[in-house]
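J.: With the sequence up front, the predicted model follows.
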Amino acid sequence: MRRSGIITLTTDFGERDPFVGVMRGVIWSRHPGARIADLTHQIAPQSVREGAFWLERAFRWFPQATVHVAVVDPGVGTSRGILAVKAEGHLFLAPDNGLLGPVLELKGAKVVRVAPSALAALGVERWSATFHGRDIFAPLAAELARGRARIRDLGDEISHDMLVPSALARAIESADGVEGAVAAIDRFGNLITNIPGEMVAQRRVPRVRVQRRELELCRTYGDAKPGAYVALVGSFDRLEIACVNGNAASGLSVGLGEPVTIASESPGDAAP
Amino acid sequence: MRRSGIITLTTDFGERDPFVGVMRGVIWSRHPGARIADLTHQIAPQSVREGAFWLERAFRWFPQATVHVAVVDPGVGTSRGILAVKAEGHLFLAPDNGLLGPVLELKGAKVVRVAPSALAALGVERWSATFHGRDIFAPLAAELARGRARIRDLGDEISHDMLVPSALARAIESADGVEGAVAAIDRFGNLITNIPGEMVAQRRVPRVRVQRRELELCRTYGDAKPGAYVALVGSFDRLEIACVNGNAASGLSVGLGEPVTIASESPGDAAP
Amino acid sequence: MRRSGIITLTTDFGERDPFVGVMRGVIWSRHPGARIADLTHQIAPQSVREGAFWLERAFRWFPQATVHVAVVDPGVGTSRGILAVKAEGHLFLAPDNGLLGPVLELKGAKVVRVAPSALAALGVERWSATFHGRDIFAPLAAELARGRARIRDLGDEISHDMLVPSALARAIESADGVEGAVAAIDRFGNLITNIPGEMVAQRRVPRVRVQRRELELCRTYGDAKPGAYVALVGSFDRLEIACVNGNAASGLSVGLGEPVTIASESPGDAAP
């Protein structure tokens, strides 16, 4: 596997404190040539689901062999495991808490639970009780990115059903339509769901529902009037709900996990 | 033209979502050696004027041949054009919406409207309706920064009067004084105007007015008492209005676009 | 001294304006290969104490010979001096306002006051009244990081008692226990004190007090119930006070500087 030398970071650490800065220091101490990209450090605190969503949606925009580190870690300091995954030619490190669920569902994904002996072999031997991002994930990522360690060196491959279940439910298709939920809320208050674009495209007259509201499906925000609530397939290929020139999350008082459905066409709608 | 390998990013995307992160991924996928600097991602949402102000004020602090990408883009997904500009030895990419106005006013600035055929030639062929920062601007910037494309390869040079007018008005000098406006508000609530330092320096006793208030002109914040409203020429060579140890924007209830004037000396003032 | 090529930045500039971005431009103009890490730009505005705390706690996570620039600078534009320090194999640049106090207390720390002639020799000859981060600190850091200048080239070594005293008091041990204070507040509202972990470890039954409250000492947040206030030695080896799943700073209405003490064991406690 060729190396990209790139490491991405996804956390709920925020930018106020030097937590992310010292992770860069640790990475560069072991791999001076690493290029480091912040995906986001503003995952809602301890929202493993939101982290799981963005990590899977974002990673493909990086070159193959990029190492993606995700630390949203309510269980830090407990006995929760650490996972290393290879999927679609990319590498991933995260706690075993459902954060890598959507990545593990990808075809051919391989996962190992990182063994203490593998950490010791890389000189990762002491860590604090509360900051594994700096003490374990950063040095591991550096060693993977520079090719000193491979996923299979870190532990034995394990079966997916031995892991904490995915933090992000998949949208469910049935004869009645699609049942999904809000998976992330962006800066503009857009409600981004777990419903893939193709589930929308397969329906001739998709009727999107959130709370008791039925929404018009648009191609872009510009297709509707200011203040209107609309549904559209966003730039990360997921159905999202927006308020044109407004904030859908606050306007509808909707949070993470809110159900969003697509109703099947009625027989009348289905007629050509 | 030599290459700097540096790309700057100026957007209203915020840091909450991984939008900027995936732009880095796209850039590094095409140009692994690119160094990328965030100018700011906190331009007030859709404030083309504020983006226009900061881009022109900030770009000269980078080496020649830096590629500056600015995406404040209310018209994304519509038929608005994309501009590529060369000015003072720097390169610029932005939507044709007035964002590059202050750069286009620089002596010798050359501008092309990016042609679909040029995008196709670089393999930029499919894009989402809502995220051209990732799908068009990032790959174009990478190709310019690594020297695979030049501005003149991207389209035919066009006359400035074919473009959307500048989003940032210039300060106007007259016999009565100077008429300007607030162009940006910084983190500390300082009101930064479009009035260049030299328009202030030319006046012997400049009297700065905002709302109905007349302000003292200082050299630094330390020259006045805490709580006082003062005017000074700031570090980006523009007249700004500050509240010493306070917040002028909230204290004066002033927003972007608020008129700020300098009155000419009265005959009495002008006497030596 | 070998060069790391790494520069860290610690400021109160925030991320809203392009201040930090242009510092990168200035650094790369002089040292194109520099790798630049943001420690934080969200030091509480003008809080020299909080900057002093984080800088000393964070720098060791970077490789030797890293150049650490800290700009929390209420006195910018006045005659306050600029310091260059070498300590534990790292280099530091900051205003002479107490920001480097904790670094200067390290064994073997050497400090010079930067001389105008040294600035001139490096071509740093004109600066604004309000943005020395860009005009003085960034070019100096670039020259140190690329090895064109050494600390001893920048000025004469001076005695520590010629400097503005440290902005961060040290915790005091006495027969009665330890007297410390809140030195920083993190994103989660945790109150991080100036009390080193070893002062806690030396006591058999440490009783931590803030306001009139006595707190339980835990190893991790997971050891106590949600809503409980606890004390623990955090990942930067300082005693901190947290509210499990809550915000201690707002819950206790405690700010920077609040006294925190550890009481000595009573004779009864000390019995084996």
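T.: Done, it's in. Numbers count the residues shown, from 1 in each chain, chains lettered A, B, ... in the order given.

J.: my guess is A:D237 contacts A:N194, does it?
T.: No: if you go by CB atoms under 8 Å, A:D237 and A:N194 don't touch, sitting 11.3 Å apart. (Glycine included, C-beta is placed from N, CA and C.)

J.: Of those two, which one has the most company?
T.: Neighbours per residue (other CB atoms under 10 Å in any protein chain shown) separate A:D237 from A:N194, with A:N194 holding more: 24 against 13.

J.: Could you say which helix or strand holds the more buried one?
T.: Using DSSP states H and E, A:N194 sits in strand A:191-196.

J.: buried set for that strand?
T.: Within strand A:191-196, the residues that count as buried by 16 or more other CB atoms under 10 Å in any protein chain shown are A:L191, A:I192, A:T193, A:N194, A:I195, A:P196.

J.: Equivalent analysis for stretch A:53-72, please.
T.: For stretch A:53-72, the neighbour count (16+ other CB under 10 Å) marks A:53-59, A:61-63, A:65-72 as buried.

J.: Among those, which lie within helices?
T.: Counting by DSSP state H, the part of the buried residues of stretch A:53-72 found in helices is A:F53, A:W54, A:L55, A:E56, A:R57, A:A58.

J.: Chain C contacts on the stretch 1-150 of chain A?
T.: Counting by CB under 8 Å from any CB of the partner chain, the stretch 1-150 of chain A comes close to chain C at A:13-18, A:20-22, A:24-26, A:28-29, A:32, A:45, A:75-78, A:128-131, A:134-135.

J.: For the residues you listed, which ChimeraX command selects only the ones that are buried?
T.: Applied in ChimeraX, the following selects the buried portion of the residues of the stretch 1-150 of chain A next to chain C according to 16+ other CB under 10 Å:
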select /A:13,14,15,16,17,18,20,21,22,24,25,26,28,29,75,76,77,128,129,130,131,134,135
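
J.: quick one: pLDDT of whatever residue of the stretch 151-272 of chain A ends up closest to chain C?
T.: At 13.2 Å from chain C, A:R187 is the closest residue in the stretch 151-272 of chain A, using CB to the nearest CB. A:R187 carries a pLDDT value of 88.

J.: is it fair to say it lies in a strand?
T.: No: counting by DSSP: H, G, I helix; E, B strand; the rest coil, A:R187 falls outside a strand, being coil.

J.: contacts with chain B among the residues of the stretch 1-150 of chain A next to chain C, please.
T.: Of the residues in the residues of the stretch 1-150 of chain A next to chain C, proximity to chain B by CB under 8 Å from any CB holds for A:E15.

J.: dump the residue contacts of A:L140.
T.: Counting by CB atoms under 8 Å, 6 or more residues apart in numbering or on different chains, A:L140 makes contact with A:I82, A:A84, A:L93, A:V114, A:L119, A:L122, A:V124, A:A149, A:L154.

J.: how many neighbours does the fourth one have?
T.: So the one you mean is A:V114. For A:V114, the count of nearby residues is 21 (other CB under 10 Å).

J.: what's the spacing between it and A:D73?
T.: 14 Å (CB to CB, to the nearest Å).

J.: ditto for the third one
T.: Between A:L93 and A:D73 the distance, using CB to CB, works out to 11 Å.

J.: again, but for A:I195
T.: As for A:I195, its distance to A:D73 is 28 Å (criterion: CB to CB).

J.: do you know how far the residue of the stretch 151-272 of chain A closest to chain C is from chain B?
T.: Applying CB to the nearest CB, to the nearest Å, the value for A:R187 to chain B is 4 Å.

J.: looking just at contacts, which helices and strands does the helix or strand A:A181 falls within meet?
T.: Using DSSP H and E, the element containing A:A181 is strand A:177-185. Packed against strand A:177-185 by the contact rule (3 or more CB pairs under 8 Å, 6 or more residues apart in numbering or on different chains; DSSP states H and E) you find helix A:48-58, strand A:172-174, strand A:191-196, strand A:238-243, strand A:259-263.

J.: Can you tell me the strand partners of that strand and which way each runs?
T.: Its sheet considered, strand A:177-185 pairs with strand A:172-174 (antiparallel), strand A:191-196 (antiparallel), strand A:259-263 (antiparallel) by DSSP bridges.

J.: Output that strand as PDB, nothing but the C-alphas.
T.: Taking Å, rounded to 0.1, in the frame of the first residue of the first chain, the C-alpha atoms of strand A:177-185 are listed here in PDB:
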ATOM      1  CA  GLY A 177     -41.300   4.400   1.500                       C
ATOM      2  CA  VAL A 178     -38.100   5.400   3.300                       C
ATOM      3  CA  GLU A 179     -37.500   5.900   7.000                       C
ATOM      4  CA  GLY A 180     -34.500   8.000   8.000                       C
ATOM      5  CA  ALA A 181     -33.400  10.500  10.500                       C
ATOM      6  CA  VAL A 182     -31.400  13.700  11.000                       C
ATOM      7  CA  ALA A 183     -27.700  12.700  11.200                       C
ATOM      8  CA  ALA A 184     -26.000  16.100  11.300                       C
ATOM      9  CA  ILE A 185     -26.800  19.800  11.400                       C
END
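
J.: what's in contact with it?
T.: A:49-50, A:53-54, A:168-169, A:171-172, A:191-195, A:199, A:203, A:238-239, A:241, A:249, A:254-264, B:17.

J.: which parts of the stretch 51-200 of chain A sit against chain B?
T.: The stretch 51-200 of chain A has residues A:W54, A:R57, A:A58, A:W61, A:F62, A:P63, A:T66, A:A184, A:D186, A:R187, A:F188 near chain B, with proximity defined as CB under 8 Å from any CB.

J.: and the last one, what does it touch?
T.: The one in question is A:F188. A:A242, A:N247, B:P45.

J.: got the residue ranges for the helices in the stretch 101-250 of chain A?
T.: For the stretch 101-250 of chain A, the helices defined by DSSP state H, counting those that start in this stretch cover A:101-104, A:116-121, A:132, A:138-145, A:197-201, A:248-252.

J.: Go through these and name the closest to B:G108.
T.: Of all the helices of the stretch 101-250 of chain A, helix A:138-145 sits nearest to B:G108, with 43.3 Å by CB to CB.

J.: From the chain's centroid, how far away is the closest one?
T.: Distance, stretch centre to chain centre, for helix A:138-145: 20 Å (CA atoms, centre = their mean, to the nearest Å).

J.: what about it, average pLDDT?
T.: 98.

J.: quick one: low-confidence ranges for chain A?
T.: Across chain A, the ranges flagged by pLDDT under 70 are A:1, A:265-272.

J.: Run a quick neighbour tally on A:T8.
T.: Neighbours of A:T8 using other CB under 10 Å come to 28.

J.: how much space is there between it and C:C218?
T.: From A:T8 across to C:C218, the span is 33 Å (CB to CB).
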